[in-house]
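Next one to model:
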Amino acid sequence: MSDKPRKHRGPFVAGERVQLTGPKGRLNTITLVQGARFGTHRGDIMHDEIIGKPDGSVIANQAGVEYLALRPLLTDFVLSMPRGAAIVYPKDAASIVTMGDIFPGARVVEAGVGSGALSMYLLRAVGSDGHLTSFERRSEFAEIAKANVSTHFGYEPKNWDVRIGSLEEELGNFVDPGSVDRVVLDMLAPWECIEQVSKALAPGGVIVCYVATVTQLSRVAEEIRSSELYAEPEAFESLVRGWHLQGLAVRPEHRMGGHTGFLLTARRLAPGTVLPSFSRRNKPEFEDEDIAIWNPEHVGERSISEKKLRKSLRSAQNSAEATLKGFEENAE
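Presented below is the predicted three-dimensional model:
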């Protein structure tokens, strides 16, 4: 199987994903297959009419209705791909890559994988010289993520290891102490992993925690402080507001990308380092009632039905198979 990245320029080829923008701005994303057709209530679009055309072409269906054909950006793909778990949205993935300083050649650990959205941004950031190790407790989510990654890249990345199991139990079995540059925790209770993560992180390394609620943010911040192994943690969230552009009618959109999660970052200290005393009030010790509000039922962990999970897995695997088959046929 080829490990060459998918094309980002040139004519469309079989196996590629194409985003079609139709009447009223409706979007559809398809995988090109020779001889296939994409059916709509306005008529069929023949895949062979798209294959061989340059990126950014306008394609007409049998009824003459025109569609704009573009290679989907990673952001487009992430928002339209099959999902097992909820995804990390592009605005947060951008903050993680930037504020976590994910650099080419970095050794990164991620937990959990979800549907593979963040994994794709991390793999892009570390490049071919870097390495990503991802931990996921549910094998179904891991399979959907691997299929989505194969679909987007057009191959299975050799510098990506997906491990089934919890990070706090498995991390020490796969990485050496002090060998990891960055750790990204997208999970319900990241504070449970601080001890294991601290052993794996190199001095100066960065831990990034992505959490949904204020109570989770408070708990993980206090756990990082109490470990005395990190510089003072920093927390923030990103909000994105689009703008309407029509002649002189330039104004903010009525809807915006509001709160999706909080991000917390902290730097690993060198062994034996003692931070100076900072002037701040210490939070009292946690009581049983405090701990209770961090349980899954209070945090609001969302479950996914087995039927939807099976459907997402089939969709992701079918897309991956079509992409890999098309790329292999073009390589011959």
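
Tell me where the chain has helices.
Per DSSP state H, the chain carries helices over the ranges 47-50, 74-80, 90-99, 117-126, 139-153, 167-174, 194-200, 214-227, 288-292, 296-299, 306-331.

Looking at the ones you listed, spot the one closest to Lys24.
Judged by CB to CB, the one of the helices of the chain that comes nearest to Lys24 is helix 74-80, at 17.2 Å. All C-beta spots, glycine's among them, are computed from the backbone N, C-alpha and C.

For the closest one, buried residues please.
Neighbour-count burial for helix 74-80, counted by 16 or more other CB atoms under 10 Å, picks out 76-79.

Could you name the helices and strands sitting against it?
Where contact means 3 or more CB pairs under 8 Å, 6 or more residues apart in numbering; DSSP states H and E, helix 74-80 is packed against strand 17-21, strand 27-31, helix 90-99, helix 117-126, helix 139-153.

Quick one: work out the angle between the first one and helix 139-153.
For strand 17-21 and helix 139-153, the angle between their directions (axes from the mean of the first three to the mean of the last three CA atoms, to 10 degrees) works out to 80 degrees.

between strand 17-21 and strand 27-31, how big is the angle?
Here strand 17-21 points in a direction 160 degrees away from that of strand 27-31 (the same axes, to 10 degrees).

And the longest one, by the same measure?
On the basis of the same axes, to 10 degrees, helix 139-153 is oriented at 90 degrees to strand 27-31.

Is the nearest residue to Ala200 once chain neighbours are set aside bridged to anything, and to what?
Closest residue to Ala200 apart from its sequence neighbours, by CB to CB, 6 or more residues apart in numbering: Val180 at 4.4 Å. Listed by DSSP bridges, the beta-bridge partners for Val180 are Leu201.

Against Glu228, how distant is Val180?
Remark: distance between Val180 and Glu228 (CB to CB, to the nearest Å) = 19 Å.

Mind checking which of those two has more residues around it?
Neighbours were tallied for Val180 and for Glu228 using other CB atoms under 10 Å; the higher tally belongs to Val180 (24 against 11).

my read: Gln317 touches Glu143, true?
Yes. Under the criterion of CB atoms under 8 Å, Gln317 makes contact with Glu143 at 7.3 Å.

The two: which has the busier surroundings?
Glu143 (22 against 18).
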